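In: Okay, sequence plus prediction incoming.
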Amino acid sequence: MRTKTDIEALAAGIQAGRFSKLEEVDVSRNDLSNSLHLVHLIPGLKELDVSGKDISNSLHLLTEHVQASLCRLNVQKCSLTGSDVSALAAALTAGRLPCLQEINLGRNNLRNSLHLFTEHVQTSLCRLYVRECSLTGSDVSALAAALTEGRLPCLQWINMCDNALDDDAVQPLCEALLQYEGPDQTAQSIYIDGTVHLHVWLFGNNVSAQFREQWKEKLKHKQNVKVSW
């Protein structure tokens, strides 16, 4: 972990333009409350990790100014709120993050707020991490609807592990996967056995063995969907 002086020095360097060629920035577990807005001064930024620090109700400071070149964003364990999720969705909808392929929202309490992200967004996002986010059936339903309605056409990876989801909660997602046509073939793709897949991770939930076997059977002929139970 960097000291406050280190972060202030980094902020001063960014403001002075000394880091204009940076592509990856990892300031995880550091206090960035006064520096998030400076990311727009790094013109070629592709990967940003701010995980492990409370930035609740502050994500808009990042999303309102972030460079369009950003490909990967890690805000795991950042005490995000519904307003933060809305800010992220607004940035995607407005086209401020056209290159974003991966978002890690894991270990934030997103209970009953995932719809704020999925309802209006249409994005080329490939990987979504919502592990250990206290998700509910309504959150799963919101994600299932986004898949069914084509709002996440390039999505290839969803990590929903450790959310204590039961059979009823997971049911809408399984039904959506049964109808899913697969990720956009033009996207930068994850290939499994030569086929573009949507891979859903569900380890650590409260899905019964009977439900799991039932849906394994139903989905076994879906060549473009893979579920890890």
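Out: Done, it's in.
In: hang on, isn't Asp139 packed against Leu116?
Out: No. Judged on Cβ atoms under 8 Å, Asp139 makes no contact with Leu116 at a distance of 10.0 Å. (C-beta placed from N, C-alpha, C; glycine too.)
In: Look at these two and report which has more neighbours.
Out: In this comparison of Asp139 against Leu116, neighbours counted by other Cβ atoms under 10 Å, the higher total goes to Asp139 at 26 against 22.
In: Strands of the protein, start to end?
Out: Along the chain, the stretches classed as strands by DSSP state E are 24-26, 47-49, 72-74, 102-104, 127-129, 157-159, 191-192, 195-196, 198-201, 225-228.
In: So for Leu88, which of those strands sits nearest?
Out: If you check each of the strands of the chain against Leu88 by Cβ to Cβ, strand 102-104 wins as the nearest, at 7.4 Å.
In: Paired strands for the closest one, with orientation please.
Out: On the basis of DSSP bridges, the sheet neighbours of strand 102-104 come out as strand 72-74 (parallel), strand 127-129 (parallel).
In: who touches it?
Out: Residues lying outside strand 102-104 but in contact with it, judged by Cβ atoms under 8 Å, 6 or more residues apart in numbering, are 51, 71-76, 88, 125-129.
In: Would you reformat the strands paired with strand 102-104 as TSV and include mean pLDDT and distance to Asp26?
Out: Supplementary listing: the strands paired with strand 102-104 in TSV, determined by pLDDT from 0 to 100; distance: least, Cβ to Cβ, whole Å:
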stretch	mean pLDDT	distance to Asp26
strand 72-74	93	8
strand 127-129	95	16
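In: how about these in a markdown table, adding mean neighbour count?
Out: As requested, the strands paired with strand 102-104 are exported to a markdown table (neighbours: other Cβ atoms under 10 Å):
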| stretch | mean neighbour count |
| --- | --- |
| strand 72-74 | 20 |
| strand 127-129 | 21 |
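In: Tabulate these (a markdown table), appending distance to Leu147.
Out: As requested, the strands paired with strand 102-104 are exported to a markdown table (distance: least, Cβ to Cβ, whole Å):
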| stretch | distance to Leu147 |
| --- | --- |
| strand 72-74 | 21 |
| strand 127-129 | 11 |
